[in-house]
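Visitor: I would like to see how this sequence folds:
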Amino acid sequence: MNKILIIGACGQIGTELTVKLRAEYGNDNVIASDIRKLNNDIVNNGIFEVVNALDYNQIEHLIEKYHITDVYLMAALLSATAEKNPAFAWDLNMNSLFHVLNLAKAKKIKKIFWPSSIAVFGPTTPRENTPQYTIMEPSTVYGISKQTGERWCEYYHVQYGVDVRSIRYPGLISWSTEPGGGTTDYAVDIYHKAITDGKFTAFLSENTELPMMYMDDAIKATIQIMQADADAIKIRSSYNLAGMSFNPKEIAEEIKKHYPDFTIDYAPDFRQKIADSWPASIDDAEARKDWNWKNDYNLEAMTVEMFDKLTHNVYSKKASL
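Guide: Below is the predicted model of the structure:
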């Protein structure tokens with residue numbers, strides 16, 4: 001029986017991951033945790049514990065209390081936020097990983113999921129169809145921490161047999177959570193602004209193409225890699241993962257099919273430099289070969305889904321308040 005602990009369950013990915021895992025394994029077998037207890041569905045609709053990802057003893061206590069087998073470590077400081085507080089970003093992103101790796105090394109848990117990111121790549125990386133194995137010279141605190149984490153994951157697997165699995169998330173787009181401080185989060189905010197304001201100011205230039213993925217695909221990939229046979233997971237650093245690639249101009253044009261009067265302008269800020277250091281598109285052939293990864297959403301399908309979910313679930317509720 002899988003007993004799952006999600007650390008960082010109230011974040012952008014953790015929120016939807018928790019819902020899916022509870023549906024898959026049952027509420028009693030999925031323990032959500034975060035550094036504070038919010039009044040939301042994740043807290044109210046299942047087991048929830050307050051935990052500091054930097055506190056080894058707190059994590060160990062939860063693992064022993066609930067007989068945890070699998071840990072999903074989703075706590076992290078994202079790219080743009082991390083640049084404002086580099087020391088804390090490094091501390092959180094690295095030491096939380098060490099805690100979980102060492103608990104697995106001590107045989108207290110069986111399996112770990114740890115998310116990496118396209119931020120591991122840098123300005124010297126080939127930008128188009130970035131391969132699985134390539135130059136990696138990240139230029140952000142977030143990217144440096146993720147690249148270092150990949151190396152430690154592989155090391156713990158090779159040296160200690162730790163079953164750790166990882167994917168390099170592209171930019172993730174979700175209707176259910178607010179933007180979380182990432183460079184790709186303009187592609188979340190733009191849908192909200194299309195509905196509420198009819199206009200949007202992008203903090204990236206119009207032709208800044210970046211790899212993106214609809215959250216449903218990201219959650220599907222996360223659960224799929226964890227359910228795969230251990231022998232199928234050939235890469236223990238982190239797998240490239242791809243869904244679609246587009247720039248702000250292209251997403252705006254797609255939005256205009258639904259909101260013809262929508263307008264966009266551009267005011268690039270410090271996040272432009274971050275975006276310029278990342279790939280424009282990703283080659284994820286290894287994931288497709290090893291554990292049969294396949295995305296379901298492109299830009300058109302995602303846009304239809306985003307507006308449907310936002311208008312029926314988010315803004316209809318706000319209008320009724």
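Visitor: Could I get the full set of strands for this structure?
Guide: Remark: strands assigned in the chain by DSSP state E are 4-7, 30-34, 48-50, 70-73, 111-113, 116-117, 164-165, 167-169, 171-173, 199-202, 210-214, 239-240, 244-246, 263-266.
Visitor: avg pLDDT for the second one?
Guide: This predicted structure assigns strand 30-34 an average pLDDT of 97.
Visitor: Can I get it in CSV, CA atoms only?
Guide: What follows is strand 30-34, C-alpha atoms only, in CSV (Å, rounded to 0.1, in the frame of the first residue of the first chain):
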residue,chain,number,x,y,z
VAL,A,30,-2.2,10.9,1.0
ILE,A,31,-0.9,13.3,3.6
ALA,A,32,-0.6,16.9,2.4
SER,A,33,1.8,19.2,4.2
ASP,A,34,3.1,22.8,3.9
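Visitor: Can you list the strands that that strand pairs with?
Guide: According to DSSP bridges, strand 30-34 forms sheet pairs with strand 4-7 (parallel), strand 48-50 (parallel).
Visitor: State the phi and psi torsions of the residue nearest to K220 when sequence neighbours are not counted.
Guide: Distances taken as CB to CB, 6 or more residues apart in numbering place D296 nearest to K220, at 7.2 Å, with adjacent residues excluded. Quick note: C-beta positions are derived from backbone N, CA and C, even for glycine. Dihedral pair for D296: phi -100, psi -20, per degrees, to the nearest 10.
Visitor: Ok, which of the strands of the chain comes nearest T81?
Guide: Comparing the strands of the chain against T81 with CB to CB, the closest turns out to be strand 116-117 (13.2 Å).
Visitor: Distance from the closest one to the middle of the chain?
Guide: The chain centre lies 7 Å from the centre of strand 116-117; the measure is CA atoms, centre = their mean, to the nearest Å.
Visitor: which strands and helices sit next to that strand?
Guide: Applying 3 or more CB pairs under 8 Å, 6 or more residues apart in numbering; DSSP states H and E, one finds that strand 116-117 contacts helix 141-160, strand 167-169.
Visitor: most tightly surrounded among these?
Guide: Highest mean neighbour count among these (mean count of other CB atoms under 10 Å): strand 167-169, with a mean of 24.
Visitor: Least reliable of the strands of the chain by average pLDDT, please.
Guide: strand 171-173 (a mean of 92).
Visitor: Who does it pair with, and is each partner parallel or antiparallel?
Guide: Sheet pairing for strand 171-173, assigned by DSSP bridges, gives strand 210-214 (parallel).
Visitor: before we move on, back to that, which one of the strands of the chain lies closest to E83?
Guide: When the strands of the chain are compared by CB to CB, strand 116-117 sits nearest E83, at 13.9 Å.
Visitor: The closest one: partners in the sheet, and parallel or antiparallel?
Guide: Strand 116-117 pairs in its sheet with strand 167-169 (parallel), by DSSP bridges.
Visitor: How far away from the center of its chain is the strand it pairs with?
Guide: Remark: strand 167-169 is offset 7 Å from the chain centroid, using CA atoms, centre = their mean.
Visitor: for stretch 158-171, same thing?
Guide: Chain-centre distance of stretch 158-171: 14 Å, with CA atoms, centre = their mean.
Visitor: ok, now stretch 42-52?
Guide: Mean-position distance between stretch 42-52 and its chain equals 19 Å (CA atoms, centre = their mean).
Visitor: Quick check: buried residues in it?
Guide: The neighbour-count check on stretch 42-52 (16 or more other CB atoms under 10 Å) flags 42-43, 46, 48-49, 51-52 as buried.
Visitor: any weak-confidence spans in the stretch 201-321 of the chain?
Guide: Low-confidence segments of the stretch 201-321 of the chain (pLDDT under 70): 318-321.
Visitor: the helices in it, which residues?
Guide: In the stretch 201-321 of the chain, the helices defined using DSSP state H, counting those that start in this stretch lie at 215-227, 248-256, 270-276, 285-291, 299-309, 315-320.
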